[in-house]
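Visitor: Need coordinates for the following:
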Amino acid sequence: MSVALWIGLGLFVLAFVLIRMNSQLSVDEAKKALAGGAVVLDVREPRECSGGMVPGAVNVPLGAVIQGVEEKYPDKDTVLLCHCASGVRSANAVSQLKAAGYSNAYNLGSFVRAGKVVG
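Guide: Alright, predicted model coming up:
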């Protein structure tokens, strides 16, 4: 097997583990959280959002997620439901947010899954 294939396989496994390790709510749990005032964070880059966003979501790109969330939501008890295109960056965002003290950060996963929660 080529090195590139092994690297690709390793990245896939890492992404899968990151997604599963982070708190991921079921669609029903996420809907309840949203009804209770949770914030939906879209951690994609702004150019990716030009094709559309989940209604009511706030775009805070992964590269600035801590700064952006701290500015907009200084209360560390805020329930944050993160999503991106596939669920990998949102898993990363949840890890960063939890490390920063946002214990109620959850991974919604992909844009499509987030749409099921909101829509």
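
Visitor: all helices of the chain, in order?
Guide: Along the chain, the stretches classed as helices by DSSP state H are 3-21, 27-35, 46-49, 65-72, 88-99, 111-118.

Visitor: Reformat these as TSV; add distance to residue 57, mean neighbour count and mean pLDDT.
Guide: (Each C-beta comes from the backbone N, C-alpha and C, glycine too.) TSV is the format used below for these (distance: least, Cβ to Cβ, whole Å; neighbours: other Cβ atoms under 10 Å; pLDDT from 0 to 100):
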stretch	distance to residue 57	mean neighbour count	mean pLDDT
helix 3-21	19	12	68
helix 27-35	11	15	91
helix 46-49	9	12	95
helix 65-72	12	16	97
helix 88-99	11	22	94
helix 111-118	7	18	82
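
Visitor: With distance to residue 81 added, can I get those in TSV?
Guide: Shown next, in TSV, are the helices of the chain (distance: least, Cβ to Cβ, whole Å):
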stretch	distance to residue 81
helix 3-21	14
helix 27-35	6
helix 46-49	16
helix 65-72	12
helix 88-99	9
helix 111-118	7
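
Visitor: Residue 79 is nearest to which of these?
Guide: Closest to residue 79 of the helices of the chain, according to Cβ to Cβ: helix 27-35, at 5.3 Å.

Visitor: so how far is residue 75 from residue 49?
Guide: 25 Å (Cβ to Cβ, to the nearest Å).

Visitor: Mind checking the helices of the chain for the one nearest to residue 55?
Guide: Here helix 111-118 is closest among these (Cβ to Cβ), at 5.6 Å.

Visitor: The closest one versus helix 27-35: what angle between them?
Guide: Helix 111-118 and helix 27-35 are oriented at 60 degrees to each other (axes from the mean of the first three to the mean of the last three Cα atoms, to 10 degrees).

Visitor: got the CA positions of helix 111-118 in CSV?
Guide: What follows is helix 111-118, C-alpha atoms only, in CSV (Å, rounded to 0.1, in the frame of the first residue of the first chain):
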residue,chain,number,x,y,z
PHE,A,111,-25.0,20.5,7.6
VAL,A,112,-27.6,17.9,6.5
ARG,A,113,-28.1,16.6,10.0
ALA,A,114,-28.2,20.1,11.5
GLY,A,115,-31.0,20.9,8.9
LYS,A,116,-33.0,18.0,10.3
VAL,A,117,-32.7,19.4,13.8
VAL,A,118,-33.7,23.0,12.8
